[in-house]
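Asker: Model the following, please.
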Amino acid sequence: MSSSSSSLAAIGGAIIERFETTNSARDRALNEGRQITRLSANTVRAIHRAEFEEAEMSLAEAKRLLQGLIDHLTGHPNLYWQGYVQDATKEYAEACITMAMVRGAAIPSPKQLGVEDAPYLNGLAEAASELRREVLDNLRAGRSARAEELLIVMDDVFDLLVSIDFPDGITGGLRRTTDQLLSVLERTRNDLTLTLTQERLQAALRDAERTFLGGREN
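Answerer: Reported below is the predicted structural model:
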């Protein structure tokens, strides 16, 4: 074998070995990314059912998988920045933030969650949208004050997001996610306003009835 052929064989072998390592890392990222997304979705569903113990268990498993995956991809930055990995981190961020919002805790930062800014912000927007269900559930239960508190949180998130004016390539399509939140926010505001108006009308009718009956007794 000539020296040229020998060197090409060595080069090709090394490249194939690196590709095999990268492909193995990619398979893990795809598999664990799907698991993280599923666990995060399960967390949000459990939160809406007020099953917080189950939500915390799903979230802890998602955190374990995500931290392990991020560590594994340290040597594969091209894979770390792929959409399927960043989408999984976004779903995890959404679940963590939703938990904090619903339980009235401080909203965790990107650093605390171990996620990048762009998926964090998109997760924040989607977590705020998830609060619509909480608002409606509280309205149905007659807890209008709590529903108003949650709407304020949604407003605060929207105000933050609209102040972040950078290209979609940097923010991961945040403008579209923010527009979706605005639509959810306006529908929720309308629902809350209607319920509060009805409550005030009912209170006024009760007051009028008491006044009328009191006058008749006198």
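Asker: From now on I want contacts and neighbour counts done on CA atoms only, so please keep to that.
Answerer: OK.
Asker: Which elements pack onto the stretch of helix or strand A41 belongs to?
Answerer: Element membership of A41, judged by DSSP states H and E, is helix 3-48. When contacts are defined as 3 or more CA pairs under 8 Å, 6 or more residues apart in numbering; DSSP states H and E, helix 3-48 sits against helix 52-72, helix 77-80, helix 83-103.
Asker: and for stretch 147-158, what are the contacting residues?
Answerer: 101-102, 124-125, 128-129, 131-132, 134-136, 138-139, 178, 181-182, 185, 188-189, 192 (CA atoms under 8 Å, 6 or more residues apart in numbering).
Asker: Output the lowest mean pLDDT helix or strand found in this protein.
Answerer: helix 174-217 (a mean of 80; mean pLDDT, DSSP states H and E).
Asker: how much space between V135 and V153?
Answerer: For V135, the distance to V153 equals 11 Å [CA to CA, to the nearest Å].
Asker: So which of those two has more stuff around it?
Answerer: Per other CA atoms under 10 Å, whichever of V135 and V153 has more neighbours is V135, with 25 against 16.
Asker: Quick check: chain neighbours aside, which residue is closest to the most centrally placed residue in the chain?
Answerer: Compute the mean C-alpha point of the chain, and by CA atoms, centre = their mean the closest residue is E94, 1.7 Å away. By the measure of CA to CA, 6 or more residues apart in numbering, the closest residue to E94 outside its immediate chain neighbours is G123, 4.2 Å from it.
Asker: before we move on, back to that, quick check: angle from the helix holding A41 to helix 83-103?
Answerer: Helix 3-48 and helix 83-103 are oriented at 20 degrees to each other (axes from the mean of the first three to the mean of the last three CA atoms, to 10 degrees).
Asker: With respect to burial, which of the helices and strands packed on helix 3-48 scores highest?
Answerer: Stretch with highest mean neighbour count among these: helix 83-103 (a mean of 23; mean count of other CA atoms under 10 Å).
Asker: can you list contacts of it?
Answerer: Outside of helix 83-103, the residues within contact range by CA under 8 Å, 6+ apart are 29-30, 33-34, 36-37, 40-41, 43-44, 47, 59, 62-63, 66, 79-80, 106-108, 113, 115, 119-120, 122-128, 130-131, 134, 150, 153.
Asker: so how far is it from its chain's centroid?
Answerer: Relative to its parent chain, helix 83-103 has a centroid offset of 4 Å by CA atoms, centre = their mean, to the nearest Å.
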